[in-house]
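Peer 1: Using only what follows, build the 3D model:
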Amino acid sequence: MKIIFMGTPDFAVPVLEALLRDGQQVSLVVTQPDRARGRGREVLKTPVKQCAEKWNIPVYQPERVKRPEAVQRLREEHADMIVVAAFGQILSQEILDLPRYGCINVHASLLPKYRGAAPIQWAVINGEKESGVTIMQMDAGLDTGDILAQEKVTLAPKETGESLYEKLSALGGELLIRTLPAIADGTAVHTVQREEESCYAGMLKREMGNLVWDGSAAKLERLIRGLNSWPGAYTFLRGKSLKLWDADVIPALPETVLQNGQQGAAPGTILGSDKNHIYVLTGDGILQLNEVQLEGHRRMAVHDFLLGERVCPGEQFTRERENR
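Peer 2: Modelled structure (predicted):
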């Protein structure tokens, strides 16, 4: 089968590689234009472009894939199918109608739940017990097409956005390869999505990670995991940002921790610390910090952080950088 592959980030790489290992003829890879990233603003190739170059596959990087010249480039391939995995642009109906088998999307959720840009992270943030991958026949809507195949995974108790991303990325390629024969011979079952069960997973923004301590400890802990590794959850201490990498909800302070300032304290107050943890009051419950990263420093266990930084009961985490 002759395939055009469309994808951009790391998530899409195992899907592309699965197609190639399966012997499919990927004649063209379409990915987002290379962008300047990081502090040095170095222009970096997309992960999918790097993979395509490794396999010596032609790469096309249109600024807007809907433009006539881009559509014409796709038409010239005479592809049987277009496979899409986290491409980052919406396809026009003209493109959807080009291949004989249409456009097939590898989506990292159990549709119709979590349509949109960040289904993996929102599943963790919202405390879902399971997630998975959907192989979908694309239509003109946003992740609204017929379901062709699905496979579920159970979220681990300490699942993060990053760990679930890796699991579903690998699963996406495997499920696609298992589904292709049924698509090719016309036996794939098309299941219409139930609109009443749908929900939207909006794009992640950096400011989402700025913790609102009035929330419950359980919600804050899930947010920390869901935003790991990007954009990351953070707060401010003594005018510096403090990124939070790992935390746990605990029912009460350990007896060995000096309990100072808990009664009447505002959410975000440091209740105390021991050798390995910092304990913070939230709007509902106590959050135990296990791993942090102070501005300008590496990520480290709280044990190591406390060797160089002293925190005192009664100190307050804030949502803004205070002048000191």
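
Peer 1: residues in contact with the strand ranked longest in the chain?
Peer 2: The single longest strand within the chain, with elements called by DSSP state E, is strand 240-250. With C-beta atoms under 8 Å, 6 or more residues apart in numbering as the test, strand 240-250 has contacts from 158, 211, 217-218, 220-221, 224, 228, 232-236, 279, 285-296, 299, 317, 321. Any C-beta I mention is one placed from the backbone N, CA and C, and that applies to glycine too.

Peer 1: With stretch 44-59 instead?
Peer 2: Everything outside stretch 44-59 that qualifies as a contact, by C-beta under 8 Å, 6+ apart, is 5, 7-10, 12-13, 16-17, 20, 26-32, 34-38, 61.

Peer 1: what's the lowest-mean-pLDDT helix or strand in the chain in contact with?
Peer 2: Every helix and strand in the chain was compared by mean pLDDT, DSSP states H and E; the lowest is strand 35-37, with a mean of 84. Contacting residues not belonging to strand 35-37 are listed as 42, 43, 44 [C-beta under 8 Å, 6+ apart].

Peer 1: most neighbours, which of these?
Peer 2: Within these, residue 44 tops the neighbour count with 13 neighbours, counted by other C-beta atoms under 10 Å.

Peer 1: Show me the helices in this protein, by range?
Peer 2: 13-21, 47-54, 68-75, 93-96, 119-125, 161-185, 217-226, 302-308 (DSSP state H).

Peer 1: Name the residues of the second one that are buried.
Peer 2: Of the residues in helix 47-54, 47, 48, 49, 51, 52 count as buried by neighbour count, 16 or more other C-beta atoms under 10 Å.

Peer 1: same deal with the shortest one?
Peer 2: Within helix 93-96, the residues that qualify as buried are 95, 96, counting by 16+ other C-beta under 10 Å.

Peer 1: I'd like the mean pLDDT over that helix, please.
Peer 2: Taken as a whole, helix 93-96 has a mean pLDDT of 98.

Peer 1: Run the chain-centre distance for it.
Peer 2: Here helix 93-96 is found 27 Å from its chain centre; the criterion is C-alpha atoms, centre = their mean, to the nearest Å.

Peer 1: What of the third one?
Peer 2: When distances are taken as C-alpha atoms, centre = their mean, helix 68-75 is centred 30 Å away from the chain's centroid.
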